[in-house]
Every structure is written in C-alpha cells, then in structure tokens.
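# Here is my input, please return the structure:
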Amino acid sequence: MAASASAPIPPYLRSRVNNSGNINLTLGCSTVGGNSGDFEITQCPGAVVPAGSQNVQFRCTPGSEGAKATTLRLATNDFDEATVDYNLLCNGTMPEFDPDPVNGTAQDFGSVEIFTSSDSKIIAIGNSGSEDLLVTTCQLAGGESTEFSLSGCPASVAPGGSAALSLACEPTSVGPRSTSLDIVTNDPSSGAASYALLCEGIYPEEIFIHDFE
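Sure, this is the predicted structure:
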C-alpha cells in the first residue's frame with residue numbers, strides 16, 4: 001500500500017491510497033485523539049482493487065477558536081503496513097459581534113419637532129473576532145418604525161474593524177414614538193442585538209411677530 005497527500009480542494013483535503021498488490025486492499029478510516037471532534041472524514045472508500053487507487057477525503061470543522069490537532073488513521077489488511085497515520089492540523093477562526101453601545105441599550109432622541117429630523121445617534125458594529133463578521137439583518141420593526149431612519153448598515157466587517165450605523169427620529173405625529181432596531185450577524189455565540197428607539201414628537205415652537213407702529 002502507498003499513500004500520498006494531494007493539494008487541498010477547499011474546504012477538504014485528500015489522501016490518495018494506491019493498491020500495488022494482487023488482492024483487494026480493505027480500508028478503514030478514523031480520527032484518533034486530540035481534537036478529533038473538530039475533524040470530519042467525508043469519504044472513505046472501504047476497499048481498493050488491485051492496481052487501483054481511491055481518495056480518502058477529510059476536513060476541519062472547528063467548533064471553537066484556536067489550534068486543533070488530531071490523527072487520521074487508515075487501517076488496512078496490508079501485512080507490511082497495517083496502519084498509516086497522518087497528523088491533521090488546523091486553526092479555528094470565528095467572528096465576534098461587538099456592538100457599541102452594548103446590546104439592549106435604549107436610544108432616546110428626546111423631543112423632536114414633527115416633520116423634522118433629530119440629531120443622529122451612532123451604533124458601532126464592531127468585530128473583535130478573527131473572521132469576517134457578516135451582517136444578515138439590520139432593520140427597524142414594530143411601533144412607529146416609519147418615523148425612524150437608519151443608514152450605513154454594512155454587509156460585512158473585517159476582523160478588528162467597525163462600521164457606523166446612523167439612526168434618527170423623524171416624527172410625523174405628536175406624542176411618544178418608538179420602534180426596535182434589530183441586528184443579526186453570523187457570530188455563532190452572540191450574533192444578535194436589539195435596541196429600543198424612542199422619541200417624543202412635539203409641535204413646532206410658535207413664533208409671535210409683534211407689529212409696533
């Protein structure tokens with residue numbers, strides 16, 4: 001039996017098993033020790049015919065950040081090489097949603113004259129992880145959502161980066177106005193944030209003009 005590692009075909013790696021004998025080579029595949037749960041064997045042919053070859057295919061599927069290692073073990077009926085081991089290594093990466101202000105902090109725009117716009121408030125969508133943060137949802141929902149505006153929602157944020165989401169209240173009626181800002185990302189551990197947005201619609205200040213004669 002001869003085995004060789006081939007070039008990666010993302011997200012997989014392959015090991016090619018050749019049978020130079022004159023009977024079927026039986027083959028069993030397993031991961032042994034270390035972080036074996038972070039690796040997956042996706043193809044193990046079971047047998048290789050004489051003068052034939054087959055691929056064993058595997059990949060790293062890390063469940064957390066950091067270095068991962070295990071052993072890929074091929075067990076066969078070859079009397080000279082009953083087992084062959086390969087060291088498998090990878091580094092787990094993931095995004096980390098880091099909003100500022102923190103999730104759940106109410107954003108109150110105060111009193112705003114109707115048919116005008118408040119000063120803007122900024123929510124920073126930060127990524128303190130080691131992989132691109134993808135923003136899948138960025139929306140206003142419920143209440144008087146049409147009386148608030150948002151702009152600058154990014155499609156993605158690079159590791160160590162940040163993007164500014166701008167918010168404003170634009171009331172069209174007098175009285176309390178509210179809605180919710182919902183942000184959803186691909187951070188697998190804490191990927192969502194929600195903020196209550198508030199303002200008070202008021203009438204424009206009256207201006208009295210006195211005519212002195």
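
# what sits opposite the residue nearest to S53 when sequence neighbours are not counted in the beta ladder?
Leaving aside its sequence neighbours, S53 sits nearest to N18 (C-beta to C-beta, 6 or more residues apart in numbering; 4.5 Å). C-beta here means a position set from N, CA and C on the backbone, and glycine is covered the same way. Applying DSSP bridges to N18 yields these beta-bridge partners: A2, S53.

# and N18, how many neighbours?
Applying other C-beta atoms under 10 Å, we find 15 residues neighbouring N18.

# same check, this time on S64
Per other C-beta under 10 Å, the neighbour tally for S64 reads 12.

# do the same with the one 3 residues further on
A total of 11 residues lie near A67 under the criterion other C-beta under 10 Å.

# so it sits right up against L89, yeah?
Yes: taking contacts as C-beta atoms under 8 Å, A67 lies within contact range of L89: 7.2 Å.

# still on that earlier bit, and the residue nearest to S53, what's its pLDDT?
On the pLDDT scale, N18 is placed at 93.

# so it makes contact with V48?
Yes: counting by C-beta under 8 Å, V48 is a contact partner of N18 at 7.4 Å.

# I'd assumed I23 was in contact with D78.
No: using C-beta under 8 Å, D78 is not in contact with I23, being 10.1 Å away.

# between those two, who's got more neighbours?
The neighbour count for D78 versus I23, taken as other C-beta under 10 Å, is higher for D78 (18 against 9).

# and the more buried one, backbone torsions?
As for D78, its main-chain torsions (degrees, to the nearest 10) stand at phi -70, psi 120.

# Distance check, it against L72.
Using C-beta to C-beta, to the nearest Å, we find D78 at a distance of 16 Å from L72.

# same deal with L27?
Distance from L27 to L72, by C-beta to C-beta: 12 Å.

# hey, what's in contact with both of the two?
Here L27 and L72 share the contacting residues V56, scored by C-beta atoms under 8 Å, 6 or more residues apart in numbering.

# List the buried residues in the helix or strand harbouring S166.
In this structure, S166 sits in strand 162-169 according to DSSP states H and E. Neighbour counts using 16 or more other C-beta atoms under 10 Å place 162-163, 165, 167-169 of strand 162-169 among the buried residues.

# List of residues touching it?
Here strand 162-169 makes contact (C-beta under 8 Å, 6+ apart) with 100, 107, 109, 112, 117-127, 138, 147-154, 157, 177, 181, 183, 197-199.

# Just the C-alpha atoms of that strand, please, in CSV.
Backbone C-alpha positions of strand 162-169 (Å, rounded to 0.1, in the frame of the first residue of the first chain) are rendered in CSV as follows:
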residue,chain,number,x,y,z
SER,A,162,-16.0,48.6,12.9
ALA,A,163,-18.8,50.1,10.9
ALA,A,164,-21.1,53.0,12.0
LEU,A,165,-24.9,52.6,11.8
SER,A,166,-26.6,56.0,11.9
LEU,A,167,-30.1,56.4,13.4
ALA,A,168,-32.5,59.3,13.6
CYS,A,169,-36.1,60.1,14.7
